[in-house]
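[1] Quick one: sequence plus predicted model below, questions after.
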Amino acid sequence: MRRARAIVGLGCLAIALVGVLAGGAGMAASSRVAAHLSITPITAVFDPANKATDYSVTASNPELGPNRHLLIDWAIELKLVDAAGAKAPGETDPSAGAKVDPTCNNSRLPGGIANGVGGQLLRTWFSDESTFVWYHGDVGSYPGSTYGCKHLLMGPSGHQGVVTVNVFDDVWRCTASINGTNLTLTPVEGPAPRCFNLVRLNLEFDAHAIRRALTEEREALAEIGRQPKDADKKLEESHVLLTGHLPLASHVAPKARADLVLAATLDEHARKEPDTKAGNKQALTDIAEAIKLKKAALPLVDAAITAQPET
C-alpha cells in the first residue's frame with residue numbers, strides 16, 4: 001500500500017510536546033478553575049470636557065487581584081440599537097432620528113483596528129485597560145481634527161452602536177456590552193456580563209476531534225488492501241486531527257494524553273508500512289491499537305470536561 005509521507009515527523013513532534021508540557025501533567029483539571037474571573041457590568045458616563053462617553057469595567061480574579069495580568073479588549077460596532085427613526089430625548093428637529101452614523105466610528109481614539117464595510121462599522125482596541133472612551137462630538141469639536149459625529153442621527157440610546165468589552169485570563173473569558181452613548185453625568189450601567197470557560201470549550205473541541213479521528217481510522221481499516229490510497233488519506237486525516245487537538249497536559253489526566261500521543265504515532269507508523277501482505281497486517285495491528293488507545297482516552301477527556309464549570 002502506497003502511503004504518503006507529507007506529515008512524517010508529526011508523531012515525533014507530538015511526543016516532544018509531551019516533554020515540553022510534562023511540568024503540568026499531574027495538575028488536576030479542577031485546580032485550574034479554583035479562582036473564577038469575574039467582571040462588573042459596563043458603566044457609562046458623559047465626559048463633557050472631551051465630548052465623549054467614558055466606559056469602565058472592574059475585572060478581577062481572586063488569585064491575581066483587580067485588573068492585573070488580564071487581557072482586555074474593547075470594541076464598538078456601529079448598528080441600530082433603537083428603532084429606526086426614534087428620536088433622542090428632547091429632539092424636535094423633524095429630520096432627526098436614530099440611524100447608523102459611519103462617521104462616528106471613534107477613529108479619534110488611537111489603536112483601533114477597523115473591520116466591516118469600508119472599515120467603518122466595527123473597531124477593536126486591544127488596550128488591556130479597564131476604561132474606554134467613545135468620542136462623539138460634532139465635527140469641529142476636536143481642534144486639528146476633522147473627526148466628528150452627526151447628532152441628528154442619535155436615538156433614545158444616544159449614538160447608535162454597541163460597546164463591548166472582553167476580558168481574558170488563562171481559563172476564562174468574560175464579556176459585557178452596553179448600547180449607545182451617555183449624554184448625562186448620571187452613570188448608566190449595562191446588562192450583566194457573561195463568562196465562558198475557555199478550557200472547557202477547548203476540551204469539548206478536542207473530544208470532538210478525537211471522535212472524528214476514530215471514525216477515520218475505522219473507515220481506514222475497511223480500506224486497507226482494497227483501496228490503499230483511500231486508507232492512506234483517512235489515516236492522514238486521523239493523524240492531523242489528533243496531533244492538532246491534543247489536550248494540554250495540565251487539563252487532562254496524564255494517561256489520556258499519553259494514550260493519545262501513542263495513538264497518533266501508531267497512525268503514522270501504519271501509513272509508512274509497505275504495501276505488502278506483511279505490511280498491511282502490521283498496519284491493521286497499528287490501527288486497531290490506536291483505536292483502542294483513543295477509546296480508552298475519551299472517557300478521561302470527558303471527565304476533564306465535566307470537571308470544568310461552564311460559566
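    Good, I have the coordinates.

[2] Need the three-state assignment for the closest residue to residue 291 other than its chain neighbours.
    Spatially, and ignoring its direct neighbours in sequence, residue 291 is nearest to residue 217 (5.3 Å; Cβ to Cβ, 6 or more residues apart in numbering). (Each C-beta comes from the backbone N, C-alpha and C, glycine too.) Secondary structure for residue 217, judged by DSSP: H, G, I helix; E, B strand; the rest coil, is helix.

[3] ok, residue 217 - how many residues close by?
    When neighbours are defined as other Cβ atoms under 10 Å, residue 217 has 27 of them.

[4] So which residues make contact with stretch 289-307?
    28-30, 200, 203-204, 206-207, 210-211, 213-214, 217-218, 221, 238, 242, 247, 251-253, 255-257, 259-260, 262-264, 266-267, 270 (Cβ atoms under 8 Å, 6 or more residues apart in numbering).

[5] Which of the residues you listed are buried, as a PyMOL select command?
    A single PyMOL command suffices to select whichever of those are buried according to 16 or more other Cβ atoms under 10 Å:
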select buried, resi 29+200+203+204+206+207+210+213+214+217+221+238+242+247+251+252+253+256+257+259+260+262+263+264+266+267+270
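
[6] What's the end-to-end length of stretch 150-168?
    34 Å (Cα to Cα, to the nearest Å).

[7] average pLDDT across that stretch?
    Averaging pLDDT along stretch 150-168 gives 96.

[8] Same check on stretch 256-276?
    On average, stretch 256-276 scores 89.

[9] CA-only coordinates of that stretch, as CSV, when you get a sec.
    Taking Å, rounded to 0.1, in the frame of the first residue of the first chain, the C-alpha atoms of stretch 256-276 are listed here in CSV:
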residue,chain,number,x,y,z
ALA,A,256,-5.2,10.3,28.5
ARG,A,257,-2.6,12.5,26.9
ALA,A,258,0.0,9.7,26.8
ASP,A,259,-2.5,7.3,25.1
LEU,A,260,-3.4,9.9,22.5
VAL,A,261,0.2,10.7,21.7
LEU,A,262,0.9,7.0,21.2
ALA,A,263,-2.2,6.6,19.1
ALA,A,264,-1.1,9.4,16.8
THR,A,265,2.3,7.7,16.5
LEU,A,266,0.7,4.4,15.6
ASP,A,267,-1.4,6.1,12.9
GLU,A,268,1.8,7.4,11.4
HIS,A,269,3.5,4.1,11.6
ALA,A,270,0.6,2.4,9.8
ARG,A,271,0.8,4.9,7.0
LYS,A,272,4.5,4.1,6.5
GLU,A,273,4.1,0.3,6.3
PRO,A,274,4.9,-1.1,2.8
ASP,A,275,2.1,-2.2,0.5
THR,A,276,2.7,-5.9,1.1
